[in-house]
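**Q** got a predicted structure plus its sequence, pasted below:
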Amino acid sequence: MSLLTLSNVSVRYGRLTAVRGVSFSLAEGEVLFITGPNGAGKSSLLRAIAGVTPPAGGRIDFEGHDITGRAPEDIARLGLSMVPEGRDVFGGLTIEENLLVGTGMHAAERGWRARAASELEAVYATFPILKDRRHAQAGLLSGGQQQMLVIGRALMTNPRLVAIDEPSLGLAPNITDQVYERLIALRAERKLTLLIVEQSSTRAMLVGGRMMLMRGGEILLDGDARALGQSEAMQAAYFGYGEH
Amino acid sequence: MSELVADRISVAFAGLKALSEVDLKVASGQIVGLMGPNGAGKTTLVNVLTGFQPPTAGAVLLDGAPLSGPKPHLLRRRGIARTFQGGRLFRDLLVIDNLEVTGIGLGQSRSAAIAEARAMLDWVGIAHLANRIAGTLPYTDERRVAIGRALMGRPAFILLDEPAAGMSGQEAADLSALIRRIAREMGCGVLLIEHNVGLVLDLCDHIVVLDSGAVIETGDPAFIRASEKVRHAYMGTAADTHMPVLEVGQ
Amino acid sequence: DDDKIIVGFATAATGFMQAYDKPAEDAAMIRIKEINEAGGLLGKQIEVVTADTKTDRAEGAKAGLSVIDAGADLVVVSCDYDFGSPAALAAESSGLVSFFLCAESIKAGIQGVGPHSFSASVLAAVQGATMAQWSYEKKGARSYYRLLDTWTEYNKGICDGFDWMLPQLADAKLVGEDTFLNEDASIAAQITRIKALPQEPDAIMLCTMMPGAVSAIKQIRAAGINSMILNGSGVDGSYWLSAVPDLSNFFVPVQGSVYGDDPNPAVTAFNAKYKEATGGDPSTQYTYPGYVMIDVWAKAVERAGTTDADAVVAELEKMNAEPTLFGPRTFTPELHHQNQARYLIVETKAGKPGVVDEWTISAPIPVADLMK
Amino acid sequence: MRQSPALRSLSTPILLSLLLVCFALAAVFAGSRPFNQTIIDIFLQVIFVVGLYTFVGNSGVISFGHIAFACLGGYVAAWTTIKPMLKGGAMPGLPDWLMQTEIPYWASALVAALWAALWAGIFGSVLMRLSGIAASIATFAMLAMVNSIYSNWESVTSATSSVVGIPIVRVIWPYLIAAIIAVFVAWAYSISRHGLALRAARDEPTAAAASGIDIPRARLIAFVLSGGIMGAGGALYAHSIGIVTPDTFYLGLTFTTLSMLVVGGMSTLSGAVLGVLILSTLIQVLRWLEAGVQIGTSTFALPGGVQEIALGAVMIVILMFRPTGIMGNKELNLPMAGSEKAGRQGPEPQTTNKE
Amino acid sequence: MGSLLQVVFDALALGSLYALAALGIALIFGVMRLVNFAHGDVIAFCVFALLWPSTDAVAVVFAGNLPWFLLIPLVLAVGAALSVLSELVVFRRFRRANPATMMIASFALGFVIRYFLLMLYSSRPKSISLLPALSQPIEIFGARIPLLQLITILVTIAVLFGLTAFLRRTRFGLEMRAAAENFTMARMLGVRANRVIMGAFALSGALAGAIALILGSQTGTANITMGANVMLMAFIATVIGGMGSLAGAVIAGFLLGSIATVMQVILPPDARAFRDAFVYGAVILVLIFRPQGLLSARGAKERV
Ligand SMILES: Nc1ncnc2c1ncn2[C@@H]1O[C@H](COP(=O)(O)OP(=O)(O)OP(=O)(O)O)[C@@H](O)[C@H]1O
Ligand SMILES: Nc1ncnc2c1ncn2[C@@H]1O[C@H](COP(=O)(O)OP(=O)(O)OP(=O)(O)O)[C@@H](O)[C@H]1O
Ligand SMILES: [Mg+2]
Ligand SMILES: [Mg+2]
């Protein structure tokens, strides 16, 4: 059964069309990388899925609910967690508070506090630096530390699907590795589905899974990451060779 | 020949030692790399060198003389330019105006500023973007504009904070070529912060590695590549360590 | 038009001045109606045109010009000098007579507008002087404390009159003084200063106006200071007394009584008429100058036999202790205002106001002293 | 051929001035004195809003204090144009030479501009180091200080009492000319090097500092210039009604001016001017409605107070739909850059060939 | 000694009102970056809600005669309701607008409320006797302080601690602060941000109601513009306290009251009229030396 289905989704900013009729579906536990050059519309697509920029056309289903045009908080509450591009930390809150914000949506469930506490420990285990500075103000963290924080925060909400926009941005190589380690482990533990946007296909090739290439708001290629990554078609599509 | 020196710089933020007694030297025409894990203090060091952050101890020396007064605009006028981790363009202005304004800030006449701005856009390779509103540019181009802006008035030093972040391989390679030209053709001293290890190792004459605010290693690229300390503190897959991989069949 | 006389009201129909302008205007209308019913002025009916100043100075100038363009023979302007003067200046430059409904600053007239401008009320300074002399003579007050709200000229005017009178009262002494601002949320510091006096003063001259007056009085009494409180006419009326239950030893000078106990029965009759016309009793004495204004102006027009401004002004300036419903009125070529007037003294005792006396200061306040 | 940007943007002040001229002509043809006065008020408001724009629009710092400069200017008019005899009575504390001075209204406006600019320089050199809301509050504190001083300095300002005897100017032209000058000055500043630097600093202060721009100094220049415009406006205001009091120049005018600027669009000159024209027209229409209009045989009138409520509601609605103001970030411009004729001659014959 | 204590009490008496008002302003500012100029008019509205609409000079008291245990909740509820209404009808549509636009919108809203009251009640100040028992002064160590002010001070401190604990310790408070910092991001984390902001408005409105009660009983007057001055001082207190810092706002509120009181005490009679010039001069000084405010709110300063 597919967890997330996009049918013919498009996104517009005024006259500019950033995403044109994109359709795909994502099964539970799948890992999907979306790559593509600058301005391909990757971030716009993610924002449409998360309900931040309502799509101009098409339909999005998540876990059997039509979420097209729904409010971001409703989508989040269905279990879709998104890490946007650019580090949207709550600068005035402490690191721990940042991590806890999203757990509030489970407040109606029993035992949520205990679960939040154990999630917190898990995030701290992945990023010890966050634990060291748990009571520091998030806005004062370095760029990379903030990136760790937003990823950790998204994982705290116990989501079914995480969509992450450029997780490696500004991260030191070893930290990037840790992020991926954690994501992959979570996928194994609780069938977490991953939708990851990365500029380059290198990481997708290393990790494996499924990969899509976006360009000019459309999906040009869709297939196995390792296979695609090495292909000539990939290079051509990425840079748009032979199109004019 | 001109020389920018960080002399035993320390910075503390309410109990947190962001930098402790860091020494660093950049000379004209030289590309110096600054590496280190997240939160090592790289940006803080650049902030100190450009007057955005007064050091708790130590001094910044320009050609042997200490720079006094942490006024960023004055340091810029003395030839120490920088870019930021985010683009920080003047988003409502045209690209050409972004550069022109900097010329004006440096005290150039209006016409001189415009002329230099045009020449600079051309030199950086983005002359075609001159009349775009800066806020609408894609990421890569934004970086180039920021670099062009920093190069106005031909500064003696340019400090680049993660200029290649979020760039694809090809884009990073283009950027790398540009940085090399800045050093070779303009004779600028370049301080480069990057997490793209390949780019740094390839480009720099000299590399300083920070961890937790202290210098843990300095040397030429070959030495840094080989350093066990650096590998331990910093390197990941890029230096081909282990990497999580999906089990086959998924 | 030759068959009618036009009175133009450039007054506030909206904004905070409306509260002052409206009652006086209603009273003026009553006098106009009386005149029209008695056959009109110079045999012509008086007609009224109005323009709203919106309690704004720039709008005031426009309102003035509007009624002038509508052919006004008399331009009636807002109660307060600041808000009335733009329209009055417009009238002056068109060579028309203007009357402030109830302004109590010396500027409302020759000094601040020009030779064709008058005020229908009495100078604020007279109020302060009246209270000082009356309390000295009739209440035996000797030690005075002066508390000035620096918010308006009116307030300062009261205190100026008080200051002029005090030195003339042998062995009366000013034991302290202080200032506050009408909008001050608390005057605790000022009260502390009064409390710090070795002895409670006999009287506190309180130069202020609504709404800050209520707050000040409330706080003074709450602090247990029981001195007599002397005021200007601005705090006349019983509408606010509920805020200071059982207020006593509190004195206000008024031109006529709104409490139904005016020694002159004609005033009580006027109050009835006012109620008939507007549906409510006059709430303060500031209703009355509107009536006086039309009264004296109409008399001057009758005597001059024309509405021509200069002729009317000349007749007005001949008035010396001209009797009106609310006391005698005098205008001179130097002063188009009252620098001496008969005042009724209203005392509030256990929350009930009533007329207890009548007082006219022993000498008019010299124009030179008023101008300083 | 492209023209230089400066020349191209020249069409903005020209168009705005033409608009103002239209208003002036309307007043002349209507021939009604109250209407004439209304248009004078509108021009004064244009001067104030354009003055405020010169600082706020370019620096991005909301100033609550600019009306203080209008106050300074208004009193200069009082000090320099009232007949010496009258002055002595109202403001005995003036120095002798000032007491004897009597200059024409236009000269008083000039002196007022200089005097206000001087004080803007003095206050500005302290305040311009601040940014954001702290700067806004500091400018407000400046206004309150000026107000408090002018409301109580008996001997030179006559305190709260109105100063009278200022020659009244009821012809419309001086106000029109002053408004047009203000528009051109504001335009010239915003395209100047200082204006450009300040606008850059507005968007990205950090990057501006890293570009060599001395932000406090850039702000100070705008502050002084806009203070000067406000000062001239204040003096003319005094001449339009013949009196000044400190509370004319306080919160009421401050908020009217700011509202017009924000509703028009605070980052453009066109927004500043159109904000005044549109809101003033709206106010006027509402006032007519309130006074009663004849529709057929019956008179239709809004109850008193509805005017203000409607004005507030309309402002909210405008801002809801145009959060950056009516003009947003756009300047009023000729549709065809460079051809000065296009605007006036209506639609041009379609001879252009499309490629 | 007694007189020094008296000065302290007088300062507290004035300052407590500013401090309490500043809490309402700081709360909304912290949550929305909105300088809510309508707050002063909400205060006035709460007082007028106790009177029947009439344009006569004499106030026709209506709810004002209720016993205190009904009166107080009623006024707080009126404030909260009006405040929530203003959020629903107006401010909700300004989430993405810049602070200047929101500020002018709030000003326009205040204008609407003010003239609405004016239509119903006329511009004449009206007198009411609210909770008269509270005007009695009480003596502490030979210094006098009106009971009302003592209550105000206690209420202010209680509200400060209550609010701070609420914002720091509760989930709702955390969500409120998160929504304040980054509205969209908070929603992406499942925070029902609109509800949260509505909650903040309700709190702030209830605080306006509290101010209304205090001002009403202290001055005995209902006046269309009665909230304006307090609102202005509260706004200044909010800024010099450190934007968004509740404790800072309270401290600054007391500080403003103290400066005004001390000036009143130490200035010679002739200079006393200029008191406000000194007070505002002090405001400028504070801002110059601490532009970020006395207790700068966390996150107020962006790092490079
Ligand atoms: N808020 C916006 N308003 C207008 N245009 C936008 C907006 N956001 C994105 N765009 C435009 O939409 C297009 C797609 O942008 P998007 O950010 O989705 O690309 P991307 O693939 O994420 O690129 P990058 O790799 O640089 O992050 C671009 O042309 C961009 O300029
Ligand atoms: N203004 C500040 N207040 C408190 N702590 C700060 C401040 N600025 C930086 N820090 C801390 O100092 C440390 C160094 O930060 P810095 O930004 O220099 O790191 P960096 O090396 O640039 O990291 P990155 O690669 O992630 O950008 C971090 O732990 C950061 O949280
Ligand atoms: Mg993107
Ligand atoms: Mg960094």
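**A** Cool, got the structure. Residues are numbered from 1 along each chain as shown, chains lettered A, B, ... in the order given. Ligands and ions are numbered 1, 2, ... in the order given.

**Q** how near is the nearest residue to residue C:231 once chain neighbours are set aside to ligand 2?
**A** Closest residue to residue C:231 apart from its sequence neighbours, by Cβ to Cβ, 6 or more residues apart in numbering or on different chains: residue C:252 at 5.0 Å. Backbone N, C-alpha and C define where each C-beta goes, glycine included. Counting by Cβ to the nearest ligand atom, to the nearest Å, the separation of residue C:252 from ligand 2 is 63 Å.

**Q** what does residue B:157 give?
**A** For residue B:157, the distance to ligand 2 - Cβ to the nearest ligand atom - is 18 Å.

**Q** where do the helices sit along the stretch 51-200 of chain E?
**A** Assigned by DSSP state H, counting those that start in this stretch, the stretch 51-200 of chain E shows helices spanning E:68-89, E:99-121, E:147-169, E:171-181, E:183-188, E:193-219.

**Q** mind putting these into a markdown table with mean pLDDT, mean neighbour count and distance to residue E:238?
**A** Shown next, in a markdown table, are the helices of the stretch 51-200 of chain E (pLDDT from 0 to 100; neighbours: other Cβ atoms under 10 Å in any protein chain shown; distance: least, Cβ to Cβ, whole Å):
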| stretch | mean pLDDT | mean neighbour count | distance to residue E:238 |
| --- | --- | --- | --- |
| helix E:68-89 | 93 | 18 | 16 |
| helix E:99-121 | 90 | 23 | 13 |
| helix E:147-169 | 88 | 17 | 13 |
| helix E:171-181 | 87 | 23 | 14 |
| helix E:183-188 | 90 | 24 | 20 |
| helix E:193-219 | 91 | 25 | 12 |
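
**Q** for chain C, which of these is the nearest?
**A** Closest to chain C of these, according to Cβ to the nearest Cβ: helix E:193-219, at 3.6 Å.

**Q** report whether the helix or strand just after that closest one contacts chain C.
**A** Next in sequence after helix E:193-219, counting helices and strands by DSSP states H and E, comes strand E:221-222. Yes: for a cut-off given as Cβ under 8 Å from any Cβ of the partner chain, strand E:221-222 has contacts with chain C, namely residue E:221.

**Q** the helix or strand following strand E:221-222 vs chain C: in contact?
**A** Next along the chain after strand E:221-222, taking DSSP H and E as the criterion, comes helix E:226-241. Yes: for helix E:226-241 and chain C, the contact criterion (Cβ under 8 Å from any Cβ) is met by E:226, E:229-230.

**Q** distance between helix E:226-241 and the chain's centre?
**A** Distance, stretch centre to chain centre, for helix E:226-241: 7 Å (Cα atoms, centre = their mean, to the nearest Å).

**Q** which strands and helices sit next to it?
**A** Contacts defined by 3 or more Cβ pairs under 8 Å, 6 or more residues apart in numbering or on different chains; DSSP states H and E place helix E:226-241 against helix D:132-152, helix E:2-32, helix E:39-48, helix E:193-219, helix E:246-266, helix E:275-289.

**Q** would you map the helices across chain B?
**A** Remark: helices assigned in chain B by DSSP state H are B:42-49, B:72-77, B:95-105, B:110-124, B:139-151, B:169-186, B:197-203, B:221-226, B:228-233.

**Q** mind checking those for the one nearest to residue B:12?
**A** helix B:42-49 (10.3 Å; Cβ to Cβ).

**Q** give me the secondary structure label for the residue in the stretch 51-200 of chain C positioned nearest to ligand 4.
**A** With Cβ to the ion as the measure, residue C:185 is the residue of the stretch 51-200 of chain C nearest to ligand 4, at 49.6 Å. Assigned by DSSP: H, G, I helix; E, B strand; the rest coil, the conformation of residue C:185 is coil.

**Q** out of everything not next to it in sequence, what's closest to it?
**A** Closest residue to residue C:185 apart from its sequence neighbours, by Cβ to Cβ, 6+ apart: residue E:17 at 5.1 Å.

**Q** for that neighbour, what are its contacts?
**A** C:185-186, E:152, E:211, E:214-215, E:218, E:230, E:253, E:257 (Cβ atoms under 8 Å, 6 or more residues apart in numbering or on different chains).

**Q** distance of it from residue D:313?
**A** In this structure, residue E:17 and residue D:313 are 31 Å apart, going by Cβ to Cβ, to the nearest Å.

**Q** can you check residue D:279 too?
**A** 13 Å.

**Q** ditto for residue E:247
**A** From residue E:247 over to residue D:313 (counting by Cβ to Cβ), the distance is 37 Å.

**Q** show me the contact partners of stretch B:220-231.
**A** Residues outside stretch B:220-231 that contact it (Cβ under 8 Å, 6+ apart): B:33, B:35, B:200-202, B:204-207, B:209, B:216-217, B:219, B:239, B:241.
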